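**Student:** what follows is a predicted structure for the sequence shown.
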Amino acid sequence: MCIRDRRYTDVSAGPCRAKTGKGKGSSLLSMAWANLGRSRIKTLLVVLSLSLAVVLTNVTALFAGGFDMDKYLQSKVVSDFIFGCAGYFQSEGIEDLIADIDAQGGIAQSGRIYGQTSYLQQFVTEQHFRDSEGKWYPPEVLEDMIETADKNDEGLIANRVQVYGMEEFPLSLVNVVAGDLSKLSDPDRNYIAAVYTMDDYNNVEPDSNWMNVGDQVTMRYGDELEYYDPTTGQVIPAEQADSYQGSLQVRATTYHDVTYEVAACVTVPSNEGYRFYGADQFILDADHFQRETGTSDVMTYLFNMESDEADAQMRDFLEEYTTTVQTAYDYECRQDYVSEFEGMRSMFLTLGGALSFIVGLVGVLNFVNAVLTGIITRKREFAVLQAIGMTGRQLKRMLMLEGLLYTLLSIIFSLLLSLILSPVLGGAVEQMFCFFSYGFTVWPVLLIAPVFVLLGLLIPLLTYRVIARHTIVERLRDGE
């Protein structure tokens, strides 16, 4: 029997049959699309909430994947272990400790870095003196320093300097900018390497040293020293230096000068160097350093292990050794920095994942609510459609297409937002973290897309099955 009540059909009486034409107006897809357009604000909110969850997941993956462990370790550590005095190079007795370390076995490569503990100066031009010391002293003090400083026959000014002595292994870990480091070991020539500093992004700062390959620099090694008051010129006996109340400086009374040719320009990773700045830095090979300075003060001992097992055993030994046996000494190891890096990356993953989950849950709930309320409020409309000829299968397909359109719009919108936001955010993070390398990715969007498709199909289907338990007549009467 055909229902012709205009209350339900809103059409004139006539044969009750659904259109079967394939025109755009009667297709299930066009009907589903039109239904989404009924409440554009609601549709937009659902799409945005779902898209935001996907974009946050994509950004989290971009951040976590962009953190480069090699870059991070490059700025933190150069060998598996670095051992030295807790004060960094109060080196008395360290050779006995190094022997204890070597006795543990499993060491693949090792070498000492000797630190400058004796009097040493370099001779520089007045302009370089002003450039380097002017950052630390006011103009009137700087002029007084220039006036009272020692000068050589060429008129160059004696200035402070920091020099390393490195054995072969630690020397192999410095970064060569220009020149040839192998010349440092030439026993018949005086070669030296000029140390340049790097910024936070491992770029060489060109003004951080005044020497280039082929230049010559003269070093003054103090053989005998005295303390004096620069204001009065009074010489202070060494035994009174610690208790002297006035200004006190040290100078060499006897010395020898050595002129070096710069064989290479290098950068030294921060954990291999002095870890403080303020003076030009240079590197000598270990033999030249000990011969000229007359000292064998070991600043640090660097070594790599043969295997992960040997690494773990050495770490346990050093932890016990520096905690209970030689408490004045300390160590750093690569694994500690690896753990630090992984912890930081895990933090980003945890926070980003939690935020993405919360926003995603809100988005899914919005989607469920939109589909559920849409179907319930249109219960009478669906009954009318079925009364005039639409089958239950067609109705289910139309509802599933509506859900699918929601999710497809969300995926498309997520891709567009990722294309726009990822380069911007990636560039910003690269500026914040020197160990971050931006690389565009959309794999989280592609992984989430099938899940969204399933949600778009299943939620409308399950909701329809609930209302389909009632007959068409019951649903028509419920709508009255």
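**Tutor:** Structure received.

**Student:** could you chop this structure up by domain?
**Tutor:** 6-70+339-478, 116-296 (automatic domain parsing).

**Student:** tell me which of the ones you listed lies nearest to residue 83.
**Tutor:** Closest to residue 83 of the domains of the chain is domain 116-296 (C-beta to C-beta; 12.0 Å). Glycine gets a C-beta too; all of them are placed from N, C-alpha and C.

**Student:** contacting residues around the strand or helix carrying residue 122?
**Tutor:** Per DSSP states H and E, residue 122 falls inside strand 120-124. Outside strand 120-124, the residues that touch it by C-beta atoms under 8 Å, 6 or more residues apart in numbering are 132, 150-152, 154, 156-161, 163, 210, 217-222, 252, 280, 282, 293.

**Student:** what's the ChimeraX line that selects buried ones from the residues you listed?
**Tutor:** Burial among the contacts of strand 120-124 is assessed by 16 or more other C-beta atoms under 10 Å; the matching ChimeraX selection reads:
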select :132,156,157,158,159,161,163,210,217,218,219,220,221,222,252,280,282,293
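
**Student:** so which of the contacts of strand 120-124 belong to strands?
**Tutor:** Per DSSP state E, strands hold the following members of these: 157-161, 163, 217-222, 252, 280, 282.

**Student:** okay, who's weakest in those by pLDDT?
**Tutor:** pLDDT across the ones in strands among the contacts of strand 120-124 is lowest for residue 252, at 86.

**Student:** relative to residue 327, how far out is the nearest residue to that residue once chain neighbours are set aside?
**Tutor:** Once flanking residues are discounted, residue 252 sits nearest to residue 222: 3.3 Å by C-beta to C-beta, 6 or more residues apart in numbering. With distances taken as C-beta to C-beta, to the nearest Å, residue 222 is found 33 Å from residue 327.

**Student:** got it, and residue 275?
**Tutor:** Going from residue 275 to residue 327 by C-beta to C-beta gives 20 Å.

**Student:** doesn't residue 332 lie inside a helix?
**Tutor:** No. Using DSSP: H, G, I helix; E, B strand; the rest coil, the secondary structure at residue 332 is strand, not a helix.

**Student:** tell me the bridge partners for it.
**Tutor:** Taking DSSP bridges as the rule, residue 332 bridges to residue 82.

**Student:** and it, how close does it get to residue 343?
**Tutor:** Applying C-beta to C-beta, the value for residue 332 to residue 343 is 16 Å.

**Student:** neighbour count: those two, which is higher?
**Tutor:** For residue 332 versus residue 343, the count of surrounding residues by other C-beta atoms under 10 Å is larger for residue 332: 19 against 9.

**Student:** confidence score at the more buried one?
**Tutor:** 86.

**Student:** list the buried residues of the strand holding residue 122.
**Tutor:** Residues of strand 120-124 classed as buried: 120, 121, 122, 123, 124 (neighbour count, 16+ other C-beta under 10 Å).

**Student:** okay, now the unreliable bits of the stretch 51-200 of the chain?
**Tutor:** 74-78, 84-93 (pLDDT under 70).

**Student:** so where do the helices sit in it?
**Tutor:** For the stretch 51-200 of the chain, applying DSSP state H, counting those that start in this stretch gives helices covering 69-74, 94-102, 126-133, 139-148, 168-172.

**Student:** got it, and the stretch 351-480 of the chain?
**Tutor:** For the stretch 351-480 of the chain, the helices defined by DSSP H, counting those that start in this stretch occupy 379-387, 392-432, 443-467, 472-478.

**Student:** just the stretch 201-350 of the chain next, same as before
**Tutor:** With DSSP H, counting those that start in this stretch as the criterion, the stretch 201-350 of the chain has helices spanning 286-293, 308-320, 334-377.

**Student:** those helices: which one's closest to residue 302?
**Tutor:** Among the helices of the stretch 201-350 of the chain, helix 334-377 sits nearest to residue 302 (C-beta to C-beta), with 10.9 Å.

**Student:** by contact count, what packs against the closest one?
**Tutor:** Helix 334-377 makes packing contacts with helix 40-66, helix 69-74, helix 308-320, helix 392-432, helix 443-467 when contacts are defined by 3 or more C-beta pairs under 8 Å, 6 or more residues apart in numbering; DSSP states H and E.

**Student:** of those helices, which shows the lowest average pLDDT?
**Tutor:** Least confident of those, judged by mean pLDDT, is helix 69-74 with a mean of 71.

**Student:** buried residues in that helix?
**Tutor:** 71, 72, 73.

**Student:** for residue 321, which non-adjacent residue is closest in space?
**Tutor:** Excluding the flanking residues, the one nearest residue 321 by C-beta to C-beta, 6+ apart is residue 100, at 7.1 Å.

**Student:** thinking again about what came up before, switch the helices and strands packed on helix 334-377 over to TSV; also include distance to residue 380.
**Tutor:** Shown next, in TSV, are these (distance: least, C-beta to C-beta, whole Å):
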stretch	distance to residue 380
helix 40-66	19
helix 69-74	61
helix 308-320	70
helix 392-432	13
helix 443-467	11
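
**Student:** okay then, goodbye and thanks.
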